[in-house]
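In: fold the following and give me the result.
(one chain, ligands or ions: 2)
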Amino acid sequence: MAAPSPRIIGLTGGIATGKSTVSHYLEQHHGIPVLDADAYARQAVVPGSPIFQAIVQRYGTAMVQPDGELDRRRLGDVVFYNTDEKRWLEQQIHPFVRQCFAQAMVRLQDCPVVVHSIPLLFEANLVDQVTESWVVICSEAQQCQRLMARNQLSRTDAIARIQSQMPLLDKAARADVVLDNSTTVAALYGQVDQALNEHSSITPG
Ligand SMILES: CC(C)(COP(=O)(O)OP(=O)(O)OC[C@H]1O[C@@H](n2cnc3c(N)ncnc32)[C@H](O)[C@@H]1O)[C@@H](O)C(=O)NCCC(=O)NCCS
Ligand SMILES: Nc1ncnc2c1ncn2[C@@H]1O[C@H](COP(=O)(O)OP(=O)(O)OP(=O)(O)O)[C@@H](O)[C@H]1O
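Out: Ligands and ions are numbered 1, 2, ... in the order given. Presented below is the predicted three-dimensional model:
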């Protein structure tokens, strides 16, 4: 059976498990366009935007850095410890992100393969928007260590961010492809190459 056109790979995982490492490889090595929900979510809160203003109204100017940008670390310290505040923020940002995806897909409709990098692919029930789902996993100890190192976070703050998400094993159980990023980046790339070749005929549903 012919693969649907375009083939849309929904790339997900836990925080700091390696989504960006995979998406950069797909983009740079394979030339596949990547639409990144995290990047759109950052665009949603540029200084002066309606959502930036709503955030400042809700939490005060303490959320704004001296350079005028949103203090993302500080906002994370609020929402990753408080489910209601996380839900409020998602309600502000997600419609903008959905609109960005829809607009970009009009532009990319003739591409044979497109990647949608979406941390909340399963949590937000977006799996119907893609033709196959890939999840990047590693052990929780590695995830915590990589997150602490990259974002200069304490162990407590890293664990709060990890625990605010759907457990990785639940994501792995739902995914079409599980990419194990518990060893080297080279080993991860090998799995990506294999998944690109082997799963090209997965159809939605
Ligand atoms: C809270 C914010 C400001 C923290 O920013 P920060 O620069 O520290 O992190 P960044 O945006 O790079 O996200 C890093 C990772 O955090 C995790 N994460 C982000 N938002 C969420 C969320 N709502 N729920 C669970 N995990 C999340 C994802 O794994 C993501 O890849 C930011 O994550 C945000 O605006 N989140 C709400 C928007 C959202 O839901 N984004 C997810 C994609 S739409
Ligand atoms: N196999 C690996 N071995 C060691 N470090 C790694 C490996 N893969 C990724 N990393 C590092 O772990 C960190 C997280 O990786 P990456 O940014 O790709 O994750 P992510 O899932 O995109 O993160 P986020 O959820 O925050 O967007 C980065 O600093 C990256 O360089």
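In: show the average pLDDT along stretch 176-190.
Out: Stretch 176-190 shows a mean pLDDT of 98.
In: buried set for it?
Out: When neighbours are counted by 16 or more other C-beta atoms under 10 Å, the buried residues of stretch 176-190 are found to be 176-181, 188-189. Using the backbone N, CA and C atoms, a C-beta is placed for each residue, glycine as well.
In: now do stretch 75-84
Out: Applying 16+ other C-beta under 10 Å to stretch 75-84 flags 75-76, 78-80 as buried.
In: using CSV, lay out those residues together with distance to E132, pLDDT and secondary structure.
Out: Formatted as CSV, those follow (distance: C-beta to C-beta, whole Å; pLDDT from 0 to 100; DSSP: H, G, I helix; E, B strand; the rest coil):
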residue, distance to E132, pLDDT, secondary structure
L75, 32, 98, helix
G76, 30, 97, helix
V78, 35, 97, helix
V79, 30, 98, helix
F80, 29, 97, coil
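In: pipe those residues into CSV and attach distance to ligand 1 per row.
Out: Below are these laid out as CSV (distance: C-beta to the nearest ligand atom, whole Å):
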residue, distance to ligand 1
L75, 4
G76, 4
V78, 8
V79, 5
F80, 7
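In: from the buried residues of stretch 176-190, pick the one nearest Q143.
Out: N181 (9.3 Å; C-beta to C-beta).
In: which single one of the buried residues of stretch 176-190 is nearest to D170?
Out: So of those, ranked by how close each gets to D170 (C-beta to C-beta), first place is V178, at 12.0 Å.
In: that closest one reaches I137, doesn't it?
Out: Yes: counting by C-beta atoms under 8 Å, V178 does reach I137; the two are 6.1 Å apart.
In: residues shared between the contacts of the two?
Out: Taking C-beta atoms under 8 Å, 6 or more residues apart in numbering as the contact rule, V178 and I137 both touch A172.
In: name the nearest residue to E85, sequence neighbours excluded.
Out: V79 (4.9 Å; C-beta to C-beta, 6 or more residues apart in numbering).
In: tell me the contacts of that neighbour?
Out: 85-86, 89, 164.
In: just the buried residues from the residues you listed, in ChimeraX please.
Out: For the buried members of these, the matching ChimeraX selection, counting by 16+ other C-beta under 10 Å, is:
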select :89
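In: looking at the contacts of V79, which are in helices?
Out: The helices, defined by DSSP state H, take in 85-86, 89 from those.
In: okay if I get those as a markdown table plus pLDDT?
Out: Below are the ones in helices among the contacts of V79 laid out as a markdown table (pLDDT from 0 to 100):
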| residue | pLDDT |
| --- | --- |
| E85 | 98 |
| K86 | 98 |
| L89 | 98 |
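In: does stretch 140-149 reach ligand 1?
Out: No: with C-beta under 6 Å from any ligand atom as the criterion, ligand 1 is not reached by stretch 140-149; the gap is at least 8.8 Å.
In: about what we covered before: now distance to ligand 1 too, for the contacts of V79, in TSV please.
Out: Converted to TSV, the contacts of V79 look like this (distance: C-beta to the nearest ligand atom, whole Å):
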residue	distance to ligand 1
E85	10
K86	5
L89	5
S164	5
